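S.K.: using only what follows, build the 3D model:
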Amino acid sequence: MRNAQETQNQAAAWIVREDCGEFSVGDREALEAWLEASDGHRAAYWRLKHGWRQADRLKALNLAGAASPQARRGRSAFRRGRLGWSLRPRPAAAAAMLAGVVLGLAGLAAVFRPVEPQQAAQFETALGGRQSVALPDGSAAVLNTASVLRTDIGGDRREVWLDAGEVFFDVRHMAGRPFRIHAGNHLITVLGTKFSVRRDRGRVSVAVLEGRVQISDHIEGRPDRSAIVSGGGVGLATGDAILVAARPPMAVEDALAWRVGLLRFDNTALGEAAAQFNRYNERPLKVQDEVAGIRIGGAFPANDPDAFARLLKDAYGLDVQFHKDSVTISE
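M.R.: Next up, the predicted model:
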């Protein structure tokens, strides 16, 4: 819980720095590095950013005065630049003020909702969470752990933005109305198919269950690139290349087992399996180098790393130490 609060405080500090208009190229690069460091960073940043944007919209409507006094005081302090640039300890106050804005807006949401296009929405999940969403065009989405998804669907528009995490899409086929997913500098375009998109540390990966999707990138100073990924295939887009590979159908199904709360491994290195568990849980599994290459298989509940660790102890005779803030696995 403490780590989550610290992350929120840091996210608030970054938003304050951006909002005050004195944000250099170096600051932007530092923020991008912080966002790419973890799914939790991105989820916290976009959650607070969304609330801050709502405050701007209320101001444009001359309705800011209806927000809570705490929210108004916080907004005024931000605009006057009374907060310092250090990430601690003052960002704790910034996070409290931002929270005041969000809470003040929450009480007004039912009143002011008609002002926003009804097709526009934002969805997010906490660490270890999962959420199913029915989209206005008849498509469906399932958000994985620590994910943030924004949508704008209506008329000829079918646009969504994956700001953090991973989402599985079951896209309804609509001729002449492509469904587009924006993930950083990358764009995934489909007409109708079932697939997942994951954004992680500057990389975007796609796993296609059915149909075909196109991955393209738009990076300033470089020619645009694109590739097609068909059912049973996976694609990986980085800043340098777009790679596509065919996988056995069961491998793609295994990669999507998180939709039912499971992690499935087939001849997977223990170090990689632990990294997957750590995407869903606050207390990480720490695998020592001497056992990281052990190959394992099976299906395990994503939110129960302790049971997985105990199984490793029983099945492989590994030394497992349970600590307050981590679980260590060694010979």
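S.K.: where's the residue nearest the centre of the chain relative to Ile181, distance?
M.R.: Centroid check for the chain by CA atoms, centre = their mean gives Ala164 as the closest residue, at 2.1 Å. Distance from Ala164 to Ile181, counting by CB to CB, to the nearest Å: 13 Å. The C-beta positions use only the backbone N, C-alpha and C, and glycine is treated the same way.
S.K.: and the protein, what are its domains?
M.R.: Annotated domains of the chain cover 2-115, 120-252, 261-330 [automatic domain parsing].
S.K.: in TSV: the ones you listed, plus mean pLDDT.
M.R.: Formatted as TSV, those follow (pLDDT from 0 to 100):
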stretch	mean pLDDT
domain 2-115	57
domain 120-252	89
domain 261-330	93
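S.K.: next, count neighbours for the closest residue to His173 other than its chain neighbours.
M.R.: Nearest in space to His173, with sequence neighbours left out and distances taken as CB to CB, 6 or more residues apart in numbering, is Gly192 at 2.8 Å. Neighbours of Gly192 under the rule other CB atoms under 10 Å: 17.
S.K.: and the gap between Gly192 and Asp137?
M.R.: According to CB to CB, Gly192 stands 10 Å off from Asp137.
S.K.: now swap in Leu162 and tell me
M.R.: From Leu162 to Asp137 the distance is 17 Å (CB to CB).
S.K.: and Arg295, by the same measure?
M.R.: 43 Å.
S.K.: just to revisit the earlier point, show me whatever sits in contact with both of Gly192 and Asp137.
M.R.: 172, 174, 179 (CB atoms under 8 Å, 6 or more residues apart in numbering).
S.K.: now the phi/psi pair for Glu290, please.
M.R.: Main-chain torsions, Glu290, degrees, to the nearest 10: phi -70, psi -20.
S.K.: quick one: residues contacting the closest residue to it other than its chain neighbours.
M.R.: Sequence neighbours aside, Glu331 is the residue nearest to Glu290 in space, at 5.3 Å (criterion: CB to CB, 6+ apart). By CB under 8 Å, 6+ apart, the contact set of Glu331 is 288, 290-291, 318-319.
S.K.: between those, which is nearest Glu124?
M.R.: Comparing these against Glu124 with CB to CB places Gln288 closest, at 34.1 Å.
S.K.: can I assume the closest one is in contact with Ile329?
M.R.: Yes: applying CB atoms under 8 Å, one finds Gln288 in contact with Ile329, separated by 6.6 Å.
S.K.: higher neighbour count, those two?
M.R.: Ile329 (23 against 14).
S.K.: secondary structure class of that one, three-state.
M.R.: The assignment at Ile329 comes out as strand when based on DSSP: H, G, I helix; E, B strand; the rest coil.
S.K.: check Val204 too.
M.R.: Classification of Val204 by three-state DSSP places it in strand.
S.K.: list the contacts for it?
M.R.: 183-184, 186, 188, 197-198, 215, 236-237.
S.K.: can you do 6 Å?
M.R.: 183, 186, 237 (CB atoms under 6 Å, 6 or more residues apart in numbering).
S.K.: same check, this time on His41
M.R.: Taking CB under 6 Å, 6+ apart as the criterion, His41 is in contact with 34-35.
S.K.: just say helix, strand or coil for Arg17.
M.R.: helix.
S.K.: returning to that earlier point: I'd say the residue nearest to the centre of the chain and Leu149 touch.
M.R.: No: shown here, Ala164 and Leu149 do not form a contact pair, counting by CB atoms under 6 Å, at 8.7 Å.
S.K.: separation between Met284 and Ile329?
M.R.: Not quite, residue 284 is Pro, not Met. Applying CB to CB to Pro284 and Ile329 gives a distance of 11 Å.
S.K.: can you get me the start-to-end distance on stretch 203-218?
M.R.: 14 Å (CA to CA, to the nearest Å).
S.K.: ok, now stretch 321-331?
M.R.: 11 Å.
S.K.: repeat for stretch 289-301
M.R.: Across stretch 289-301, first to last residue, CA to CA, it's 24 Å.
S.K.: outside of it, which residues touch it?
M.R.: Contacts for stretch 289-301 (CB under 6 Å, 6+ apart): 262-271, 273, 308, 318, 331.
S.K.: at 10 Å what do you get?
M.R.: 254, 257, 260-277, 280, 287, 307-308, 311-312, 315-316, 318-319, 329-331 (CB atoms under 10 Å, 6 or more residues apart in numbering).
S.K.: name the nearest residue to the residue nearest to the centre of the chain, ignoring sequence neighbours.
M.R.: Closest residue to Ala164 apart from its sequence neighbours, by CB to CB, 6+ apart: Arg42 at 3.2 Å.
S.K.: if I read this right, the one you found contacts Trp161, doesn't it?
M.R.: No: counting by CB atoms under 10 Å, Arg42 stays clear of Trp161, with 11.9 Å between them.
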